[in-house]
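> One predicted model, sequence on top.
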Amino acid sequence: MKETNEVVVVEGYHDLAKLRSIFPQIDIVITNGSEISEETLKELKILNNTRGLILLLDPDYQGERIRRMINKYVGNTKHAFLPKEKCISKNKKKVGIEHAIKEDIMNALENLLVTTSIKNSENKIEIKDLYNFKLTGCKNAKMNRKKLTENIGIGLSNGKTLLRKLNMFSITKEEIKQALKR
């Protein structure tokens, strides 16, 4: 990760310790997991307006929930994603950023996605597109979504959430097509 002025947002102290062991100088804010307070959201909004935020949250339900909460409150942010299988503890019982290896964390922070408002409706992905790409409504839909989300780095999602994420990150139909070919 190049030097950045942006603040990295993580869920807990173990995530902070892991990141500080890799990047001693970066600024980090902890959400305290899913118990993110109104005060923390207000701080994040100020930081997003002055410096920008990079959300590096666990690849699980709570991590996705926190992403949605923060984006709804603060507006557009940058997102770093790690696949779930790269964040599993040695005893295979926990999932979290703190369990990922240095190289995977560095890679996630190099390949950021940015949330944007949909400006051009012709590029907007619709539910019919998910059916056409076999990302929903067929036997292999879950496997196809897994392949797509891993190749574009946005974390496994059900059909409805995938549709929202594809539009939130302004992923085009051509990018979907290319990611499914890999």
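Yep, it's here.

> List the neighbouring strands of the helix or strand of the chain with the lowest mean pLDDT plus their orientation.
Ranked by mean pLDDT, DSSP states H and E, the helix or strand of the chain with the weakest confidence is strand 113-114, at a mean of 78. Sheet pairing of strand 113-114 (DSSP bridges) gives strand 78-80 (antiparallel).

> so how far is the strand it pairs with off the chain centroid?
Put simply, strand 78-80 sits 5 Å off its chain's centre (Cα atoms, centre = their mean, to the nearest Å).

> any idea which helix or strand comes after that strand?
helix 102-110 (DSSP states H and E).

> mind listing the helices for this protein?
13-22, 38-50, 61-74, 102-110, 127-132, 141-152, 159-168, 173-181 (DSSP state H).

> Quick check: which of those helices is nearest to Val95?
Set against Val95 and scored by Cβ to Cβ, the helices of the chain come closest in helix 61-74, at 8.6 Å. Placement of C-beta: from N, CA and C, glycine included.

> Next, the angle helix 38-50 makes with the closest one.
60 degrees (axes from the mean of the first three to the mean of the last three Cα atoms, to 10 degrees).

> If anything else comes up later, I'll come back, but that's it for now.
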